[in-house]
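Q: pasting the structure only:
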């Protein structure tokens, strides 16, 4: 599925929804390796942005999004509307990200 056919809104400009296929989701859990954890911990002592954890969050979010796209593709969707993210800490240095939305079939309006 084309990333441009996804939105946090409930409609895609220039398209109309012709079929609603239901909720799609992508769930993933990630953790920093020991080296990244140590570096991240040392950065907390000085304050400021902790690049190791920003990178972890970005990679986790991207993976959840890609899994959601795969789920929508398997359902026969050509677009996803109403996309949202949810994140949860699952213990020390583990982050779960859930990307979800509504899989739809759209056509040009």
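A: Done, it's in. As the structure is a prediction and not an experimental result, all values here were calculated from the model.
Q: could you use CA atoms for every contact and neighbour count after this?
A: OK.
Q: mind listing the strands for the protein?
A: With DSSP state E as the criterion, the chain has strands at 15-31, 79-89, 94-108.
Q: now the angle from the shortest one to strand 15-31?
A: Calculated by axes from the mean of the first three to the mean of the last three C-alpha atoms, to 10 degrees, strand 79-89 forms an angle of 20 degrees with strand 15-31.
Q: wait, doesn't residue 68 sit right on residue 26?
A: Yes: applying C-alpha atoms under 8 Å, one finds residue 68 in contact with residue 26, separated by 4.1 Å.
Q: higher neighbour count, the two?
A: Counted by other C-alpha atoms under 10 Å, residue 68 and residue 26 do not tie: residue 68 has more neighbours, with 25 against 22.
Q: give me the distance between the more buried one and residue 108.
A: 23 Å (C-alpha to C-alpha, to the nearest Å).
Q: wait, what's in contact with the spatially most central residue of the chain?
A: Geometric centre of the chain, nearest residue: residue 65, 3.3 Å, by C-alpha atoms, centre = their mean. Going by C-alpha atoms under 8 Å, 6 or more residues apart in numbering, residue 65 touches 26, 99-100.
Q: can I get those in a markdown table including distance to residue 89?
A: Below are the contacts of residue 65 laid out as a markdown table (distance: C-alpha to C-alpha, whole Å):
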| residue | distance to residue 89 |
| --- | --- |
| 26 | 16 |
| 99 | 15 |
| 100 | 18 |
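Q: ok, the residues you listed vs residue 54, which is closest?
A: Nearest to residue 54 among the contacts of residue 65 is residue 99, at 17.4 Å by C-alpha to C-alpha.
Q: what count of nearby residues applies to the closest one?
A: Residue 99 has 23 neighbours, counted by other C-alpha under 10 Å.
Q: again with residue 8
A: 15.
Q: cool, residue 54 as well?
A: The number of residues near residue 54, taken as other C-alpha under 10 Å, comes to 12.
Q: output the contacts of residue 65 in JSON lines; the columns should cover pLDDT and distance to residue 72.
A: Shown next, in JSON lines, are those (pLDDT from 0 to 100; distance: C-alpha to C-alpha, whole Å):
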{"residue": "26", "pLDDT": "98", "distance to residue 72": "10"}
{"residue": "99", "pLDDT": "98", "distance to residue 72": "12"}
{"residue": "100", "pLDDT": "98", "distance to residue 72": "10"}
